[in-house]
Each structure stands twice: as C-alpha cells, then as structure tokens.
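K.L.:
3D, please:
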Amino acid sequence: MSHQAVVNFAPEPGSVEIREIPIPEIGASDVLVQVAAVGVCGSDLHQWTASHSWPVNYPVVLGHEFSGHVVKTGAEVKSWKEGDRIVSETAAVIDQDNPMSRRGLYNLDPTRKGFGYGVNGAMTKYVRVPARCLHHVPEKLAMTTAALTEPCSVAYNAVIVNTRIRPGDRVVVLGPGTIGILCAAMARLAGAEVAVVGLEADRGRLGIAEKYGCVSLIGDATEWSRERDGLGADVVIDAAGVSATLKAAMNIVRPAGWITKVGWGPQPINFSIDQIVQKNVTLQGSFSHNWPVWERVLAMLASGQLDVQPIIGGQWALTDWHEAFEKMHHGHVVKSLLIPS
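P.N.:
Predicted structure coming up:
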C-alpha cells in the first residue's frame, strides 16, 4: 500500500512535491504513527526555498511538528499500545553511547538526525517513530494543539533553560515568526516585559505577539530597550533566520546582559563582535530540546498556562501544502497546520 507525502526531493529551490510513498516498515523498537496534524516549520520553508544550512538526505518527507495515534508497535515496545495519543520528539536517530546522549542532551549529539531532513518526517499519513521519542498527549489536549508541542519546546529550551531571565527584566525578541512569538510568550510567563521586533511587512504577525501581552516594534528596539536607565535590554532573544540580527542584538543589550540566539542564519556576519567583550555580554546558543522540556510543555498546554491558538493561522489538507507554505513564507500567518487525513 502507498499513501501521499510532501517530499523534498532535491537541493534546488522549489524541489518539493506530493509523491506516493509506501507505508513504512517498523523495527522492533519503533511504532507506526498515523499523523493527526503536522505543523509547517520555518526549516521546512528553508528546505523548500533552498536557503537552509544543514545537510538533507534527499529525497525526504518533510515535517517534524506532529501529533498522532499509535497504529502498530514493534516487538520490543512494551509501554505503548495501539490507539495511544502521542506527540514525538524530533531526534529520530541518535547514538545512545555519545557523551551528550549519556547526559540526557541527545539533542546535542553531533550524529543526531531529525525527522524531515535526516529521515522521513510527518507530512504524510503514516510515519515510523522510535518509541523512545514518544510522549503521551493529555486527554484534555486537542491533537491540533498538541502538534505544536515541538516549537513550544524550542522556545522553552531557549528562554527558560538556556537564558538567564528574571521577573521584571526587559526582553527584546527579534523576529515575529513562530519561534519568536513563542519565545516572547515564554518570557512573559517568566515575568518579563517583552517587545517583539519585526519589519513593516510583519505587522500582522506582530499583532499576534500583542495578544501575548508584548509590545510590538517595527525595525528598531533601541529606544524601548533603553527607556528605564539608558543602558539597554537585559535579554535579547534572536529568533530571526538571518545572521545580521546579531549586530542589532549586540547594540541593544545592556552591559552584563544576555543574548540567546535560536534563529539559524547561514550568512557570514562581516562585523566585529567586540561589543560582546566590551559589554561583558553572555552569548548563548540554543538548539532543540530534550525529554524533560517536552513533559513540562505538555503540562503547560494541557493546563492552559500556555495558549498556542493565537499563532495558528489555518489548517490545510496535505494536497494543499503549497498554499500553507506560501501563507507562512509571506508572513500572512504565523503557523500553518496540515491535516493528512
């Protein structure tokens, strides 16, 4: 039997199409998941436009933000059964003996391969998932909401785990995409005053940030970041997909402040980073997430402490993937969801 999938088949721009693929065979420690909903990520768009900076195993089914149901389990899988409502982490292939994996930081295992670029992802009806990646979806949580656990976990890891942030801090978030807005929401939950910065074309998405109690700014956050004492923002979260925003972050962060970079940018920066030294600034990267982050985020989603509904801009059938991608690519929506069935 075969089923449809959104496949990135080559490194050239626009090399994405619907293809018929076979239902995956699962191994002894895997489960077969029927996908309920899958989010479109900025990285899916980057692979579609060939503006990405990571290796891709072509051809590959896109999609790594997904919820679904277990339909089949491998012979060695004991803790999952048919019908279980699940979300899946993204670290599809890891070396369990790598020192990072042994520390529980398998997201930082250099050999890690993720869904949607390293192995087939979830923009399809059925996906093979290692059982170790799974988390239970609480009964009260809708599957369309649960599909966004992954980007929420990216934001939680960036803002709560990897950033020194305190109630009363002034936080500037650069970039009003999914991750930027969710980072802003996390900073608000941590008790910070937050401004989200975008371009003129981002006014619609900046309006979504305002729903989370954030200030929205076009172009420049210098004045807002210095309103208190003239020194700058306590924290800058760089969630834009370009390298140049690091320069803006260095300009607006206060001495002894903190910059966390969560947005990918493959371009050379071509400017001095001496300001980081002069200001005694911490520059922190943040990549992906791990098991305890997912459990905490699922609890926040189920309790209503974190509401992702404002960022969901629409739902599309798998065959309408192109419209869903275009809407996000042009900033008309923050997050597109594909519903495979």
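K.L.:
helix or strand for the residue nearest in space to the middle of the chain, which one?
P.N.:
Residue closest to the average C-alpha location in the chain (C-alpha atoms, centre = their mean): residue 151, at 3.2 Å. Using DSSP states H and E, residue 151 sits in helix 149-156.
K.L.:
would you list every one of the strands in the stretch 51-200 of the chain?
P.N.:
60-61, 65-73, 85-88, 126-130, 134-136, 170-174, 193-198 (DSSP state E, counting those that start in this stretch).
K.L.:
before we move on, back to that, just checking, the residue nearest to the centre of the chain touches residue 183?
P.N.:
No. The pair formed by residue 151 and residue 183 falls short of the contact definition of C-beta atoms under 8 Å, at 9.7 Å. All C-beta atoms are positioned from the backbone trio N, CA, C, and that covers glycine.
K.L.:
returning to that earlier point: which residue sits closest to the residue nearest to the centre of the chain in space, ignoring its chain neighbours?
P.N.:
residue 178 (5.1 Å; C-beta to C-beta, 6 or more residues apart in numbering).
K.L.:
what number of residues lie near the residue nearest to residue 144 when sequence neighbours are not counted?
P.N.:
Counting by C-beta to C-beta, 6+ apart, residue 37 is the residue found nearest to residue 144 once chain neighbours are left out, at 4.7 Å. Applying other C-beta atoms under 10 Å, we find 24 residues neighbouring residue 37.
K.L.:
just residue 227 next, same as before
P.N.:
Residue 227: 10 neighbours (other C-beta under 10 Å).
K.L.:
Next, it: secondary structure please.
P.N.:
coil (DSSP: H, G, I helix; E, B strand; the rest coil).
K.L.:
now do the same end-to-end measure for stretch 118-126.
P.N.:
17 Å (C-alpha to C-alpha, to the nearest Å).
K.L.:
For it, which outside residues touch it?
P.N.:
3-6, 21, 23-24, 32-35, 38, 44, 56-57, 60-66, 68, 71, 88, 92-93, 112-113, 115-116, 127-128, 318, 321, 338, 340-341 (C-beta atoms under 8 Å, 6 or more residues apart in numbering).
K.L.:
Narrow these to those in helices?
P.N.:
44, 321 (DSSP state H).
K.L.:
outside of the helix or strand hosting residue 276, which residues touch it?
P.N.:
Assigned by DSSP H and E, residue 276 belongs to helix 274-278. Identification of contacts with helix 274-278 by C-beta under 8 Å, 6+ apart yields 250-251, 259, 281, 283.
K.L.:
List buried residues within these.
P.N.:
By neighbour count, with 16 or more other C-beta atoms under 10 Å, the contacts of helix 274-278 hold 250, 259, 281, 283 as buried.
K.L.:
From residue 122, how far out is the last one?
P.N.:
Residue 283 sits at a distance of 33 Å from residue 122 (criterion: C-beta to C-beta, to the nearest Å).
K.L.:
now the second one
P.N.:
Residue 259 sits 32 Å away from residue 122, going by C-beta to C-beta.
K.L.:
and what of residue 160?
P.N.:
Taking C-beta to C-beta, one finds residue 160 at 26 Å from residue 122.
K.L.:
Just want to know which of these two has more residues nearby.
P.N.:
Remark: of residue 160 and residue 122, residue 122 carries more neighbours, 31 against 17, as counted by other C-beta under 10 Å.
K.L.:
Can you give me the separation between the more buried one and residue 94?
P.N.:
18 Å.
K.L.:
now the farthest one out in this structure, which residue is it?
P.N.:
Of all residues in the chain (C-alpha atoms, centre = their mean), residue 229 lies farthest out, 33.7 Å.
K.L.:
where does residue 317 land on pLDDT?
P.N.:
On pLDDT, residue 317 comes in at 98.
K.L.:
Would you check that it makes contact with residue 323?
P.N.:
No. Applying C-beta under 8 Å as the test, residue 317 and residue 323 come out as separate, 9.6 Å apart.
K.L.:
Count the neighbours of residue 215 for me.
P.N.:
Residue 215 is flanked by 17 other residues according to other C-beta under 10 Å.
K.L.:
For the nearest residue to it once chain neighbours are set aside, give me its contacts.
P.N.:
Spatially, and ignoring its direct neighbours in sequence, residue 215 is nearest to residue 195 (4.2 Å; C-beta to C-beta, 6+ apart). Contacts for residue 195 (C-beta under 8 Å, 6+ apart) come out as 170-173, 214-217, 221, 224-225.
K.L.:
Among those residues, which one lies nearest to residue 17?
P.N.:
residue 173 (34.4 Å; C-beta to C-beta).
K.L.:
Show me what the closest one is bridged to.
P.N.:
In this entry, residue 173 is beta-bridged to residue 196, residue 237, by DSSP bridges.
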